[in-house]
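Peer 1: structural data only, the sequence is not supplied:
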């Protein structure tokens, strides 16, 4: 079971980050010196992914431009002998084979993933949500790929969350197989307290077998009137093996203001130039 392809849904409206996202794709908001989506692409590449499909919609052409060459800018940088900046500008276009398709209607995450059907074909594939930046020694997508290959199963990235968070995400019915890996039997989207299975929820990463596409085609709208990927996974895990990986990494939800600022601060404090300045600046604020 070789995972070579990844899908990054980036078609959301960014309503939690308005008014900035009125004209700027939320995925292009900078976390320190790079747009948020570049961290997601870098994780996929570090996990061995060769081909990446980014799902966009109207008004998100800036994402496509970012992962392309910029000849005029590059020539100017070379003439100015700003070679390190030149390399950083070219790098996004060189990381992987990156493709784009538009989700023409906002019909939910399940529908966005379904839009990747032709790109994926009959291969297992990874899904990385564009809001979630993961920071760990081993890429989270690679942790899922390893588990999926070991058990010949689909895999989801999961962690224990609070009761309040379960109601915002989902709840997994699981049984432990080994340290940090669980057999998954069921999942419910945004459950009420009396309907939850556990406090383990899926958080932003998946490795899915291609059978999900025929399931999503026949999945009716669920929570919020949208086609939910979780509902498709609920059917898939009852038809074939699926595991939940309690991934070892820190997750930043950059789709909201607090999560975005936490990610910015975390990356800034570790930056060799910005970090020392930031520490001193915070001390002066006290």
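Peer 2: That came in fine, so what should we check first? Keep in mind it's a predicted model, so treat the numbers as computed, not measured.
Peer 1: residue contacts, the residue lying closest to residue 199 once chain neighbours are set aside?
Peer 2: Leaving out its chain neighbours, the residue that sits closest to residue 199 by C-beta to C-beta, 6 or more residues apart in numbering is residue 160, at 5.1 Å. C-betas here are computed from N, CA, C, even on glycine. Going by C-beta atoms under 8 Å, 6 or more residues apart in numbering, residue 160 touches 199-200, 246.
Peer 1: roughly how far apart are residue 160 and residue 133?
Peer 2: Per C-beta to C-beta, to the nearest Å, residue 160 is found 20 Å from residue 133.
Peer 1: residue 51 now?
Peer 2: Counting by C-beta to C-beta, the gap from residue 51 to residue 133 is 21 Å.
Peer 1: three-state assignment of residue 68?
Peer 2: coil (DSSP: H, G, I helix; E, B strand; the rest coil).
Peer 1: next one: phi and psi at it?
Peer 2: phi -120, psi 170 (degrees, to the nearest 10).
Peer 1: and it, what is it in contact with?
Peer 2: Contacts of residue 68 (C-beta under 8 Å, 6+ apart): residue 93.
Peer 1: how about residue 213?
Peer 2: Per C-beta under 8 Å, 6+ apart, neighbours of residue 213: 114, 117, 120.
Peer 1: run the last query once more with 10 Å
Peer 2: 113-118, 120-122, 232 (C-beta atoms under 10 Å, 6 or more residues apart in numbering).
Peer 1: what do you get for residue 85?
Peer 2: Counting by C-beta under 10 Å, 6+ apart, residue 85 has contacts 73-74, 77-78.
Peer 1: next, count neighbours for residue 26.
Peer 2: 25 (other C-beta atoms under 10 Å).
Peer 1: meant to ask about residue 229, not that
Peer 2: 29.
Peer 1: and the lowest-mean-pLDDT helix or strand in the chain, which residues are buried?
Peer 2: Ranking every helix and strand in the chain by mean pLDDT, DSSP states H and E puts helix 163-168 at the bottom, with a mean of 88. Neighbour counts using 16 or more other C-beta atoms under 10 Å place 166-167 of helix 163-168 among the buried residues.
Peer 1: quick one: the strands in this structure, in order.
Peer 2: Ranges of strands in the chain, per DSSP state E, are 5-9, 30-31, 34-35, 51-56, 97-102, 125-128, 132-135, 154-160, 170-178, 181-189, 200-208, 242-246, 250-253.
Peer 1: could you list the low-pLDDT ranges of the stretch 101-250 of the chain?
Peer 2: Within the stretch 101-250 of the chain, no range satisfies pLDDT under 70.
Peer 1: quick revisit: which of the contacts of residue 85 count as buried?
Peer 2: For the contacts of residue 85, buried by 16+ other C-beta under 10 Å: residue 77.
Peer 1: among the contacts of residue 85, which lie within helices?
Peer 2: Within the contacts of residue 85, residues falling in helices by DSSP state H are 73-74, 77-78.
Peer 1: what about residue 34, neighbour count?
Peer 2: Residue 34 - counted by other C-beta under 10 Å - has 16 other residues nearby.
Peer 1: so it bridges to which residues?
Peer 2: residue 31 (DSSP bridges).
Peer 1: next one, pLDDT for it please.
Peer 2: According to the prediction, residue 34 has pLDDT 94.
Peer 1: residues in contact with it?
Peer 2: Taking C-beta under 10 Å, 6+ apart as the test, what residue 34 contacts is 41-42, 66, 88, 91-92, 267.
Peer 1: ok so, going back, residue 51 and residue 133: which has the busier surroundings?
Peer 2: residue 133 (28 against 17).
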